[in-house]
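A.B. asks: sequence unavailable; structure follows:
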Ligand SMILES: Cc1cc2nc3c(=O)[nH]c(=O)nc-3n(C[C@H](O)[C@H](O)[C@H](O)COP(=O)(O)OP(=O)(O)OC[C@H]3O[C@@H](n4cnc5c(N)ncnc54)[C@H](O)[C@@H]3O)c2cc1C
Ligand code: SF4
């Protein structure tokens, strides 16, 4: 069942998107001089440029442009909200529909993977400089790659077993398979970046690093579990979205016995939890949120997917109590305008109500100086934004070396 579902949601059947179809799609591009699509990409991936290459059958050139500008080009091609970034800005929208930029990016990145290409090189501009990056999420990975290209010796420290941050432990594998994350990490390793995994950096250690490295970048993300302060929120069977998604990922689909699940929240993370519960064979799943269906923050594509999976969404109800003795048994909700109540049976409850910063990251952020970026600075946004902030921090750092 898991397999079928994963296939159903495959964003692109890349085998079907061959060079002929890619060139056809790229030929719809108007080759706009000011490339609004490129301006719409926070990480500067330059779709205007790589689409032009594909149009002229230069897939190598396209993949090189993507890699040069966005070291997470393969992951971003799958999980970027292109519809509200580059594709939203595409001039072709005014004529019929935007160029399928995400698909063309997937096509170019698949070409790189199949041919095991390496496009990036290392120069010796900052040879001898050493930098530590805390966190192996998109912000640190982008910062590290930018520095390594200029000869800086970079070590990334992360508390997890695998690099990627939320790419690996938040975004579910049916949207972003490990193989695609590994493709990006492989390119970063080829630049000479070293990884120290299973390594939680303490405040004292950061102090030490500040004294022993030429600079330190912190991209610690938002990893404090967040639940609503409701009666019963600490009962067994109650999780935060990140706890749940991480465990689902680490147990490789073996997380069973979810029973009846209630998810609280109407954002993309709630939709990821709902679909993951379905994949894991939960008996019933209800996603309940306070907003109207239209106002629920998840993007339409994700809501449509949840509908397609047959998962009921209940809007305009707020949770008021989780009921049970040791383990959760029911969740009680109240309608936000008419006050009517609703109880739903639950063996598992997942709070998908946002993420916050852990105390260690908050202390670092409040300290003066240093280089920071990603979710911990912007409050939680997208992978491309974290990439952009990592790149910007690397540029600032290198200026400070001069
Ligand atoms: C469920 C979910 C789905 C998402 N879906 C999308 C999507 O479809 N598209 C999109 O663009 N964005 C999505 N996002 C957002 C995106 O994942 C984040 O914006 C992005 O990962 C932020 O990158 P970052 O580098 O700032 O932090 P993170 O990715 O959080 O990485 C930070 C890393 O630092 C580590 N760390 C923290 N403190 C320490 C320490 N003291 N010592 C060692 N390591 C430490 C953490 O363990 C983590 O590995 C999603 C987020 C979630 C939670
Ligand atoms: S905005 Fe659209 S049409 Fe113009 S260059 Fe970019 S992809 Fe092509």
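C.D. replies: Right, received. Where do you want to start? Just so we're clear, the structure is a prediction, and the values are computed from it rather than from any experiment. Ligands and ions are numbered 1, 2, ... in the order given.
A.B. asks: tell me which parts of the protein are close to ligand 2?
C.D. replies: 29-32, 35-37, 47-48, 51, 90-92, 99 (Cβ under 6 Å from any ligand atom). (Glycine included, C-beta is placed from N, CA and C.)
A.B. asks: of those residues, grab the buried ones for PyMOL.
C.D. replies: Restricted to buried positions by 16 or more other Cβ atoms under 10 Å, the PyMOL selection for those reads:
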select buried, resi 29+35+36+37+47+48+51+90+91+92+99
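A.B. asks: turn the residues of the chain next to ligand 2 into JSON lines, including distance to residue 219, secondary structure and pLDDT.
C.D. replies: Putting the residues of the chain next to ligand 2 into JSON lines (distance: Cβ to Cβ, whole Å; DSSP: H, G, I helix; E, B strand; the rest coil; pLDDT from 0 to 100) gives the following:
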{"residue": "29", "distance to residue 219": "34", "secondary structure": "coil", "pLDDT": "96"}
{"residue": "30", "distance to residue 219": "37", "secondary structure": "coil", "pLDDT": "96"}
{"residue": "31", "distance to residue 219": "36", "secondary structure": "coil", "pLDDT": "94"}
{"residue": "32", "distance to residue 219": "33", "secondary structure": "coil", "pLDDT": "95"}
{"residue": "35", "distance to residue 219": "28", "secondary structure": "coil", "pLDDT": "96"}
{"residue": "36", "distance to residue 219": "29", "secondary structure": "helix", "pLDDT": "96"}
{"residue": "37", "distance to residue 219": "27", "secondary structure": "helix", "pLDDT": "96"}
{"residue": "47", "distance to residue 219": "25", "secondary structure": "helix", "pLDDT": "97"}
{"residue": "48", "distance to residue 219": "28", "secondary structure": "helix", "pLDDT": "96"}
{"residue": "51", "distance to residue 219": "30", "secondary structure": "helix", "pLDDT": "97"}
{"residue": "90", "distance to residue 219": "30", "secondary structure": "coil", "pLDDT": "96"}
{"residue": "91", "distance to residue 219": "34", "secondary structure": "helix", "pLDDT": "96"}
{"residue": "92", "distance to residue 219": "35", "secondary structure": "helix", "pLDDT": "96"}
{"residue": "99", "distance to residue 219": "31", "secondary structure": "coil", "pLDDT": "96"}
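A.B. asks: where in this protein is pLDDT low?
C.D. replies: Counting by pLDDT under 70, the chain has low-confidence residues at 1-16, 368.
A.B. asks: phi, psi for residue 322 please.
C.D. replies: phi -110, psi 130 (degrees, to the nearest 10).
A.B. asks: how far away is it from ligand 1?
C.D. replies: Computed as Cβ to the nearest ligand atom, to the nearest Å, the residue 322 to ligand 1 distance reads 22 Å.
A.B. asks: what bridges to that residue?
C.D. replies: Note on residue 322: beta-bridge partners by DSSP bridges are residue 331.
A.B. asks: run a quick neighbour tally on it.
C.D. replies: 25 (other Cβ atoms under 10 Å).
A.B. asks: pretty sure it sits against residue 331.
C.D. replies: Yes: taking Cβ atoms under 8 Å as the definition, residue 322 is a contact partner of residue 331 at 5.4 Å.
A.B. asks: overlap in contacts of these two?
C.D. replies: Residues touching both residue 322 and residue 331 (Cβ atoms under 8 Å, 6 or more residues apart in numbering): 346, 349.
A.B. asks: need the three-state assignment for residue 262.
C.D. replies: strand (DSSP: H, G, I helix; E, B strand; the rest coil).
A.B. asks: where do the helices of the stretch 101-250 of the chain begin and end?
C.D. replies: Taking DSSP state H, counting those that start in this stretch as the criterion, the stretch 101-250 of the chain contains helices spanning 101-115, 138-149, 166-169, 178-190, 203-212, 241-250.
A.B. asks: and these as CSV, adding distance to residue 85 and mean neighbour count?
C.D. replies: Shown next, in CSV, are those (distance: least, Cβ to Cβ, whole Å; neighbours: other Cβ atoms under 10 Å):
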stretch, distance to residue 85, mean neighbour count
helix 101-115, 9, 22
helix 138-149, 15, 29
helix 166-169, 17, 23
helix 178-190, 18, 19
helix 203-212, 33, 13
helix 241-250, 23, 20
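A.B. asks: could you dump those into JSON lines and include distance to residue 260?
C.D. replies: JSON lines is the format used below for the helices of the stretch 101-250 of the chain (distance: least, Cβ to Cβ, whole Å):
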{"stretch": "helix 101-115", "distance to residue 260": "35"}
{"stretch": "helix 138-149", "distance to residue 260": "35"}
{"stretch": "helix 166-169", "distance to residue 260": "25"}
{"stretch": "helix 178-190", "distance to residue 260": "30"}
{"stretch": "helix 203-212", "distance to residue 260": "42"}
{"stretch": "helix 241-250", "distance to residue 260": "15"}
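A.B. asks: give me every residue that touches residue 303.
C.D. replies: Contacts of residue 303 (Cβ under 8 Å, 6+ apart): 271, 293, 296, 313.
A.B. asks: now, which of the residues you listed lie within strands?
C.D. replies: Within the contacts of residue 303, residues falling in strands by DSSP state E are residue 313.
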